[in-house]
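> Fold the following.
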Amino acid sequence: MIKQLIKLHAGLTRYLINELPKKKNLREVINFLKPLLGVYLKELLKLYKSLFLVFDKEYQKQKKQFDKMQRIKVDLNRALKILQYIDEKMTKQGKNRQEIRQFWLDFTKNGQVRQDIFDELLKDINQIR
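Residues are numbered from 1 along each chain as shown. Sure, this is the predicted structure:
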């Protein structure tokens with residue numbers, strides 16, 4: 001938050017140092033500063049608003065819950081991709097529907113089958129690297 005605030009001020013200062021000398025008279029300077037000031041104040045208000053939210057306990061609670069749900073969503077998407085990869089791999093190997101069905105039954109019930117699949121996946125990942 002503080003870094004963003006410093007970046008905003010530093011960027012504005014650099015921009016003013018570069019652009020103000022190009023203005024020839026007071027009218028050009030005023031026409032240049034008006035919209036710039038409006039945009040700058042909007043960004044500053046956004047930063048201060050987000051800064052005040054940091055101190056709101058309810059916001060922090062909701063943010064933690066949201067972050068947790070996002071991590072779960074990412075983990076579930078990764079798990080889904082792994083399962084889809086396994087299914088596609090069996091299809092490419094020419095296994096029929098009954099063999100695939102038996103595999104998934106064994107996968108859900110037998111821990112050793114899962115461990116073998118995970119070891120095989122790790123082996124495939126290491127081959128790619």
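> List the buried residues in the helix ranked longest in the chain.
If you go by DSSP state H, the chain has its longest helix at helix 57-92. Within helix 57-92, the residues that qualify as buried are Ile86, counting by 16 or more other C-beta atoms under 10 Å. Yep, even glycine has a C-beta here, placed from its N, CA and C like the rest.
> Toward the C-terminus, what is the element adjacent to it?
As assigned by DSSP states H and E, the chain's next helix or strand after helix 57-92 is helix 97-109.
> Just the residues contacting the helix or strand just after that following helix, thanks.
Using DSSP H and E, the next helix or strand after helix 97-109 towards the C-terminus is helix 111-128. The contact list for helix 111-128, computed with C-beta atoms under 8 Å, 6 or more residues apart in numbering, reads Ile82, Tyr85, Ile86, Phe103, Asp106, Phe107.
> Distance check, the residue of the chain most remote from its centre against Ile117.
Within the chain, the residue lying farthest from the chain centre (C-alpha atoms, centre = their mean) is Asn25, at 46.4 Å. In this view, Asn25 and Ile117 are 75 Å apart by C-beta to C-beta, to the nearest Å.
> With Leu47 instead?
49 Å.
> Also Ile86?
Separation of Ile86 from Ile117 (C-beta to C-beta): 6 Å.
> just Met90 next, same as before
For Met90, the distance to Ile117 equals 10 Å [C-beta to C-beta].
> before we move on, what about Ala79?
According to C-beta to C-beta, Ala79 and Ile117 sit 13 Å apart.
> quick revisit: including distance to Lys57, could the contacts of helix 111-128 go into JSON lines?
Formatted as JSON lines, those follow (distance: C-beta to C-beta, whole Å):
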{"residue": "Ile82", "distance to Lys57": "38"}
{"residue": "Tyr85", "distance to Lys57": "42"}
{"residue": "Ile86", "distance to Lys57": "44"}
{"residue": "Phe103", "distance to Lys57": "49"}
{"residue": "Asp106", "distance to Lys57": "49"}
{"residue": "Phe107", "distance to Lys57": "44"}
